[in-house]
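K.L.:
Here's a sequence, model it:
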Amino acid sequence: MTDADNVPISFAEQLQLLLDYLPDMHHQLSSPAQLARLLNMSPQAVLNLLNGHTTSPRLDTARALCQCFGVSLDYFALTTRQACETYLKQQVVARSTPTVQAINTHVSHLTPHVMKRVLVVLSWAERAIQQSTAQHQRKHP
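P.N.:
Numbering: from 1, shown residues only. Next comes the predicted model:
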């Protein structure tokens, strides 16, 4: 473990990691205004969270974010970037198909950066297959 792994993480950085690591939700959220609507917050309040002006949000805000992204409130109790990334990688794998989970087991020796990229590509491929299957089913009921 390096010293960089022990650097404290801010709430804004944790929120950005949620957007980066959970591609299904991030795909639906192309702007802070969309996230604000989902959270029933003002766009300015969401921007304040994202840019670090709000450093200690209210508990109900953290709960709303957890519900939106499907993570535990424990996520915001994590104190380092490495801990947050590890948690989110586990979430990505847990939400994946059994095939993706099996691949994850076999690629566990890869660096964290490469592992993240592999999981993102696999998630993208999974969505593409699902969309193709849905299109086929609409054409051939």
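K.L.:
Under the pLDDT cut-off, which ranges of this structure? List them.
P.N.:
The chain contains residues with pLDDT under 70 at 1-5, 23-30.
K.L.:
Centre-most residue in it?
P.N.:
For the chain, the residue nearest the mean C-alpha position is residue 22 (2.6 Å; Cα atoms, centre = their mean).
K.L.:
For that one, which residues are in contact?
P.N.:
69, 70, 71, 88, 91, 92 (Cβ atoms under 8 Å, 6 or more residues apart in numbering). To be clear about C-beta, it is placed using only N, CA and C from the backbone, and glycine gets the same treatment.
K.L.:
Can you give me the end-to-end span of stretch 73-87?
P.N.:
The first and last residues of stretch 73-87 sit 12 Å apart, counting by Cα to Cα, to the nearest Å.
K.L.:
My guess is residue 87 contacts residue 77. True?
P.N.:
No. Applying Cβ atoms under 8 Å, one finds residue 87 not in contact with residue 77, separated by 10.2 Å.
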